[in-house]
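Trainee: for reference, the sequence and a predicted model appear below.
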Amino acid sequence: MRTMPLRWSPGKNIAWHAELLGYGQSRPTVWKGTVYVTTVEGANKETLYLSAYDAKTGKLRWRRSALATTTAEAVYTIARAAPTPVADKDGVYAFFESGDFLAFSHTGQPRWKRTLFAEYGKFDNGHGCGTSPVQNADTLFVLVDHLGPSYLLALDKKTGKNRWKSVRESKRSWTTPLLVTRGKSEELVVSSAGTVHGYSAQTGERLWELTGITGNTIPSPTTDGERIFIGAATSPRESGGRSAAESNQCLTLTEKDGKPSVELKWQAKKAVCSYMSPTPYRGLVYYVNAAGVLFCLDAVTGEEKYSERIDGECWMSPIPAGDFLYFFARNGKTSVVKAGPVFEKVATNTLWPEGEPPMPSFTIPEPKRPEGAQGAPARPGGGPPPGASRDSYLDPIVYGATLAEGAFFIRVGTRLWCVPGK
């Protein structure tokens, strides 16, 4: 088993670097020597790509493209290939914010295609679709929560046909369901915009409901095998200015009156998430807020062990490896923190030289300012809101990283890096 390096930088401990076609925000998916990434291209995100790279060399093995069945203008604050694909022994499954769900073999042969938004209605969520599919042995599950008809869907892996479809209340979120085991059954935990629900993975029946949550629109639920952790961010618009710390909760599966239920074990006092999800590891659970402050809590009791600033806000969850956790900040820096109840940052790593960020190869053009107009032009479709820093939205941003086959695979919008272990 490889040991992951504590330190890397441009030219040191980086095995390869690949330029991607188009732009994407998904996490790399690795299956037996192949790295899969999704991207989109075009002013209206009309072209969808799934690319397969050799995990050892970074060379492109194959790339497949498809035309999006629904399109939307490419802007900085709306999803661009945000859902992360999943893979199994039979192939790879990629879901896009256009509603297109594509299945391919590991050699790139098409298997099936679904067009969910064309079938079930246009997606209306402000910032686009960011949820990723999850899987068990024979089924894919995808959550579609938005202002229109919302649903949780189960698809047969072999055919792409529906196994079941569970109707949900209309609400906006970008979370991904969590698949857990209750006895001999599987259950889907869905944390989304004010509620947490449990569903039967076999039938889609709603089993239980938890209400009174705020800020749980981006962090997804996680588990350490015994407990379920619900993440939430402070959102004045959604919570009336109240802190969402109490919505960062620990639950356990239980029964009430002979029916499936959950029990609240504890609520956080100060810890909140931003984009990342709660990350349990070795009896502790970790959170990073929008200011780049890392909170470490006891996973059993919720007692705070420390809160310390790291090298930036994380738009993805950290990756535990051995005695350390790797926090991949959006700014390209990675804080390596020793696992345990006492804060110890052992390294800060970089992907690009300080002050020399790589420019994306696929950019969104600035809209033209009307002749005679004063000031900078506003971005179509929103862009950074008034008063927001351009740095909050513009490249390069580390969107995702994966630890697989003894290496970290790290991606920004148009680039992919491999940091190997030893």
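Mentor: Looks like it came in fine.

Trainee: can you tell me the strand partners of the host helix or strand of S335 and which way each runs?
Mentor: Using DSSP states H and E, S335 falls within strand 333-338. For strand 333-338, the paired strands and their directions (DSSP bridges) are strand 324-328 (antiparallel), strand 345-350 (antiparallel).

Trainee: can I get the shortest one in PDB, CA atoms only?
Mentor: Just to be clear, that refers to strand 324-328. Extracted in PDB, the C-alpha atoms of strand 324-328 (Å, rounded to 0.1, in the frame of the first residue of the first chain):
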ATOM      1  CA  PHE A 324      -3.400  12.700   7.900                       C
ATOM      2  CA  LEU A 325      -6.200  14.600   6.200                       C
ATOM      3  CA  TYR A 326      -5.700  16.500   3.000                       C
ATOM      4  CA  PHE A 327      -7.800  19.700   2.700                       C
ATOM      5  CA  PHE A 328      -7.800  20.800  -0.900                       C
END
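
Trainee: so P10 makes contact with P357?
Mentor: No: between P10 and P357 there is no contact under CB atoms under 8 Å: 11.4 Å. In short, each C-beta sits where N, CA and C put it, glycine included.

Trainee: which of these two has more neighbours?
Mentor: P357 (16 against 13; other CB atoms under 10 Å).

Trainee: number of nearby residues for G121?
Mentor: G121 has 15 nearby residues by other CB under 10 Å.

Trainee: from L102, how far out is it?
Mentor: 20 Å (CB to CB, to the nearest Å).

Trainee: what of N248?
Mentor: To L102, N248 is 35 Å away according to CB to CB.

Trainee: the more surrounded of these two?
Mentor: Between N248 and L102, counted using other CB under 10 Å, N248 has the larger neighbour count: 30 against 22.

Trainee: which one is that one nearest to, not counting chain neighbours?
Mentor: With sequence-adjacent residues excluded and distances taken as CB to CB, 6 or more residues apart in numbering, N248 is closest to A268, at 3.9 Å.

Trainee: hang on, the one you found packs against A299?
Mentor: No: at 11.6 Å, A268 and A299 do not qualify as touching, with contact defined as CB under 8 Å.

Trainee: so between these two, which is more surrounded?
Mentor: Comparing A268 with A299 by neighbour count (other CB under 10 Å), the higher total belongs to A268, at 26 against 22.

Trainee: got a list of what that one touches?
Mentor: If you count contacts by CB atoms under 8 Å, 6 or more residues apart in numbering, A268 has them with 245-246, 248-249, 287, 295, 297, 302, 304.

Trainee: quick check: pLDDT value at it.
Mentor: You'll see A268 listed with a pLDDT of 97.

Trainee: also P386?
Mentor: For P386, pLDDT reads 35.

Trainee: just G381 next, same as before
Mentor: The model's pLDDT for G381 equals 30.

Trainee: distance check, Q25 against P360.
Mentor: 12 Å.

Trainee: list residues touching both of these two?
Mentor: Here Q25 and P360 have G413 as joint contacts, going by CB under 8 Å, 6+ apart.

Trainee: who has more neighbours, the two?
Mentor: Taking neighbours as other CB under 10 Å, Q25 and P360 compare with Q25 leading, 24 against 18.

Trainee: I'd say that one and A79 touch.
Mentor: Yes: judged on CB under 8 Å, Q25 makes contact with A79 at a distance of 6.6 Å.

Trainee: hey, what's in contact with both of the two?
Mentor: G130.
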